[in-house]
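> Sequence and predicted model, in that order:
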Amino acid sequence: MTSTVNISANTSPTWFVTGASSGIGLELTRKALEAGESVAAVSRTGAGLDNLGPSDRLLIVKADVRDEAAVREAVEQTVAAFGRIDVVANNAGYGLFGAVEEATDAQARAIFDTNVFGVLNVLRAVLPTLRRQRSGHILQGSSYYGQTADPGVGLLSATKYAVEGLSDALVAEVAPLGINVTLIQPALTATPFLSNLDAATTAHDDYDPTVRATQKAIGELPASAFVSVEGIVTGIRTIAGRDNPPLRLALGSSGAVAMQAALTARMAELETWAAVTNAVNG
């Protein structure tokens, strides 16, 4: 059975999906079309989307989220084609693996350009439409690495932490306007994401026991350790368009366990050092 988006004001919602050519974005596009919904599928090249077949409910837009003008044009095309936008899957992004010291300045800036400034470009482009409508649901592509980190994923986690921080503010800013925000936090997922990771251009032996050990451990995980794309999309579609969606949606028990451990450790550390914290007050 195909799940449907629960949008009371519009029985045939329109999706705006970035990173739509593969992984979660492609599956979101496919499931929306199967449910009779309209989709603006946004990707840099459009590759992989032609296999979905011609449809008057599918608009394929070639746009790089790093290009603010191109993203605005994509939104304009979407509204011209479908009249509105109901769900924004702000999904485009990629990963970078390597110690914090090992990533070059160019690599660090590049991942922020896509994962953070690309997210901002999409928000700035879609929010005028959502504000006029006084409705909409923004799905921010995060990760369990938006609440915790392992050796080697510092730059990826930094971008996801940034998305989570701006979304904590965004949700309060747009709630009075009838717009909802949900951070999507998948666990390790069986997508091309891991195989397409960028890698730091240098490697220092000192980080072998930490960074390279993490890389080895991830590489040795069985297939069962990875959540399916279909499962992730089913979870997303369960809450998309609801009147009172969660701000954060963890998808996959391994990611939830990792986040819970990180949050518990933070709370414990706050308590351990409370005397020093409070002494500052005089």
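It's in.
> Might one say that residue 256 is in contact with residue 187?
Yes: taking contacts as CB atoms under 8 Å, residue 256 lies within contact range of residue 187: 7.2 Å. Every C-beta, even on glycine, is put in place using the N, C-alpha and C of the backbone.
> Who has more neighbours out of these two?
For the pair residue 256 and residue 187, the greater number of neighbours falls to residue 187 (22 against 15), based on other CB atoms under 10 Å.
> Between residue 256 and residue 187, which contacts overlap?
Shared contacts of residue 256 and residue 187 (CB atoms under 8 Å, 6 or more residues apart in numbering): 144, 250.
> Look at residue 224 and report its pLDDT.
pLDDT recorded at residue 224 is 88.
> Identify the residues contacting stretch 97-110?
When contacts are taken as CB under 8 Å, 6+ apart, the neighbours of stretch 97-110 outside the stretch itself are 96, 151-156, 197-204, 207, 210-211, 215.
> Which parts of this protein are strands?
In chain order, the chain shows strands spanning 14-18, 38-43, 58-62, 87-90, 96-97, 136-141, 179-186, 198-199, 248-251, with DSSP state E as the criterion.
> if you average pLDDT over each of these, which comes out lowest?
Within the strands of the chain, confidence is poorest for strand 198-199, with a mean of 89 (mean pLDDT).
> that older thread, PyMOL command to pick out the buried ones of the contacts of stretch 97-110?
Selecting in PyMOL just the buried members of these, where the criterion is 16 or more other CB atoms under 10 Å, is done with this command:
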select buried, resi 96+151+152+153+154+155+156+197+198+200+207+211+215
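> quick one: which of the contacts of stretch 97-110 sit in helices?
For the contacts of stretch 97-110, the ones inside helices are 154-156, 215, with DSSP state H as the criterion.
> Looking at those residues, point me to the pair that's furthest apart.
With distances taken as CB to CB, the most widely separated pair in these is 155 and 215, at 14.2 Å.
> List the residues that contact the closest residue to residue 18 other than its chain neighbours.
Beyond its immediate neighbours in the sequence, the residue positioned closest to residue 18 (CB to CB, 6 or more residues apart in numbering) is residue 92, lying 4.0 Å away. The neighbourhood of residue 92, defined by CB under 8 Å, 6+ apart, consists of 18-19, 25, 42-43, 65, 114, 118-119, 122, 141.
> again, 7 Å this time
Residues touching residue 92, when contacts are defined by CB atoms under 7 Å, 6 or more residues apart in numbering, comprise 18-19, 65, 114, 118.
> ok, the residues you listed vs residue 232, which is closest?
After measuring the contacts of residue 92 against residue 232 - CB to CB - the closest member comes out as residue 19, at 13.0 Å.
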